[in-house]
Every structure is written in structure tokens, then in C-alpha cells.
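Undergrad: Here is the input, now give the coordinates:
(one chain, ligands or ions: 1)
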Amino acid sequence: MQFTITEAPMGIRPPVVKPDPKVLEFLGEEGMRKLISDHYDLLRQSDIKGLFPPTDEGFALAKQHSADFFIQICGGPDYFNQNRGAPMMVGRHQPFKITPNARKIWLESYIIILNKLDMPDDLKQSFWNYLDIFSIWMVNTPQD
Ligand code: HEM
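TA: As a prediction, this is how the structure comes out:
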């Protein structure tokens, strides 16, 4: 299936639709943690690896926090709120220079993972739509 990256000017925040809760029902919490872990492993080899924690411990923690978030946003237990407090994703990304190209690399890494993932296409599409649109919100630095 085709995953399209929506182009958008920096600073706009299009309305976001959360992923279908069936994504989590299908994957289970462990499946979701693996999906996020696989994505982070690709990021760690990518041109934006410098944005992420350099140590193995820091990286493992980053995976955990991110998976907590995605389980929560897909209708599971509120692990992220319990461990990290209110999501406030835009603010949490503020310390990192996220350019349109960084977003593209981040999303392309997800495309690789989603293409390999065993999950019905409609659920992949729902998850993708969320990533594609919400990631626009996170861009905070013009392209250099
Ligand atoms: C636009 C591309 C994005 C880039 C380059 C990016 C980059 C980062 C970086 C550098 C961090 C800090 C290190 C870490 O904990 O992993 C981070 C944290 C995080 N990101 Fe992103 N991110 C992007 C988009 C998103 C999107 C769209 C979401 C949610 C749908 C998201 C969810 C998170 C979460 C949950 C954390 C952990 C925050 C915490 O524990 O305080 N990110 N991201």
C-alpha cells in the first residue's frame, strides 16, 4: 500500500484523528512496543540520529516513553501520563531542532516498518494518517 507524506508549511496544526483503537487490539501492547522499538532502531542509524539519546540506557528509555505514549493514544492504559505527565507533545519536542527534512526521515522510517508489519491495511492507514498529520505539528525549525 501507498503511504503519502503530506506537505505542509511550518507552524500549522491540522486537526488530528487518533489511530483506530483496533490498532492496539490487533498488535497488543507487546506488538506496539516492538513497532516503536523497530522505528527507533532505524532512527538510530538515520541522518537524524543526533537528535536522540546517545547512550544505550537513554535510548531504551526513549523507546519505553514513546511506546507508552502510543499505547495510550490508541486507547490503552495511560502509561505515558503515569510516567511522564501530560503529553504536551509540541512542548516536549521544542528542545530539538525538527526541520521538515527531519520529519520526512522520521516518517520514512515508519513507512519501512509499516510495510513489513503484519496488520490489515485499513489499520495501517489509520495509524499512518495519525503519524503523517501529527508530525506536522512537531516541525519547529525551518529547513537549512
Ligand atoms: C516530526 C518528526 C519527529 C521527530 C524528529 C521527533 C523527535 C523526537 C526526539 C528527538 C525526542 C526526544 C528523545 C526521545 O525521547 O525519543 C522525541 C520524543 C518523543 N516523541 Fe518525537 N519526534 C517526531 C514526531 C513525533 C510524533 C508525531 C509523535 C507522536 C505521535 C512523537 C512522540 C514522541 C514521544 C512520546 C516522545 C517521548 C517524550 C517524553 O518521554 O518526554 N514524536 N521525539
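Undergrad: if I read this right, residue 141 contacts residue 101, doesn't it?
TA: No. Counting by Cβ atoms under 8 Å, residue 141 sits too far from residue 101 to count as a contact (9.8 Å). (Glycine included, C-beta is placed from N, CA and C.)
Undergrad: Flag every buried residue along stretch 73-90.
TA: Residues of stretch 73-90 classed as buried by neighbour count (16 or more other Cβ atoms under 10 Å): 73-74, 76, 79-80, 89.
Undergrad: That stretch and the ligand in contact?
TA: Yes. Stretch 73-90 lies within reach of the ligand by Cβ under 6 Å from any ligand atom, at 84, 89.
Undergrad: got any ranges where the protein has weak pLDDT?
TA: The chain contains no residues with pLDDT under 70.
Undergrad: rewinding a little: find the pair from the buried residues of stretch 73-90 with maximum spatial separation.
TA: Pairwise distances across the buried residues of stretch 73-90 peak at 17.1 Å for 76 and 89 (criterion: Cβ to Cβ).
Undergrad: residue ranges for the helices of the protein, please.
TA: Taking DSSP state H, the helices of the chain run over residues 22-43, 56-73, 79-84, 89-93, 100-116, 121-138.
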